[in-house]
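# can't give you the sequence, but here's the structure:
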């Protein structure tokens, strides 16, 4: 008795290498294991490419550090923790700077971009420019107190000047 999934592959001349199921899924392995068993029992014929595939350990599992893992499936790797460094502004991105923050309302990580992209420079050492910037961006007001907003990070640029490659800076608002 051949399952519907393997019958579909055989009927439509789809090789096991072109398995219609998501790579590494249970159905993916089930089709390969079933084809392996039936081939060795002499009940189905396979192309040379599929014969090479079923001669491997693909579809079998072993235990590694107490976790069952697929054997001979090199492209499946456990995802590493991809949490970016939070609250550390960096240069780059679509604007001059960016930073990853955790949104307290949703608990999701959010990317905040800030800074001019037209070629203007950061004028931290010019007191008049600092005063004008602070007034324009509402530094020191509630508007600039939310870390999920660009205004907060723009107003706190002097605090992170060294890590952003800027001269001057210190623990002051603009």
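Nice, thanks for sending it over. Nothing here was measured: the structure is a model prediction, and the numbers come from that model.

# pairing partners for the helix or strand bottoming out on mean pLDDT in the chain, with directions?
The weakest-scoring helix or strand in the chain, judged by mean pLDDT, DSSP states H and E, is strand 67-70 (a mean of 84). Strand 67-70 has the following strand partners under DSSP bridges: strand 61-64 (antiparallel).

# SS state for residue 8?
Going by DSSP: H, G, I helix; E, B strand; the rest coil, the secondary structure assigned to residue 8 is helix.

# ranges for the helices of this structure?
For the chain, applying DSSP state H gives helices covering 4-11, 26-40, 48-54, 127-137, 150-155.

# returning to that earlier point: show residues contacting the least confident helix or strand of the chain.
Applying C-beta atoms under 8 Å, 6 or more residues apart in numbering, the set of residues contacting strand 67-70 from outside is 24, 29, 58-63, 76. Every C-beta, even on glycine, is put in place using the N, C-alpha and C of the backbone.

# which one of those residues sits in the busiest neighbourhood?
Neighbour counts for the contacts of strand 67-70 were taken using other C-beta atoms under 10 Å; the highest belongs to residue 59, which has 21 neighbours.

# what residues does stretch 35-55 touch?
By C-beta under 8 Å, 6+ apart, the list of residues contacting stretch 35-55 from outside reads 2, 6, 9-10, 15-17, 32, 59.

# what's the end-to-end length of it?
The separation between the terminal residues of stretch 35-55, taken as C-alpha to C-alpha, to the nearest Å, is 11 Å.

# roughly how far is that stretch from the heart of the chain?
Averaging C-alpha coordinates over stretch 35-55 and over its chain gives two centres that are 37 Å apart (C-alpha atoms, centre = their mean, to the nearest Å).
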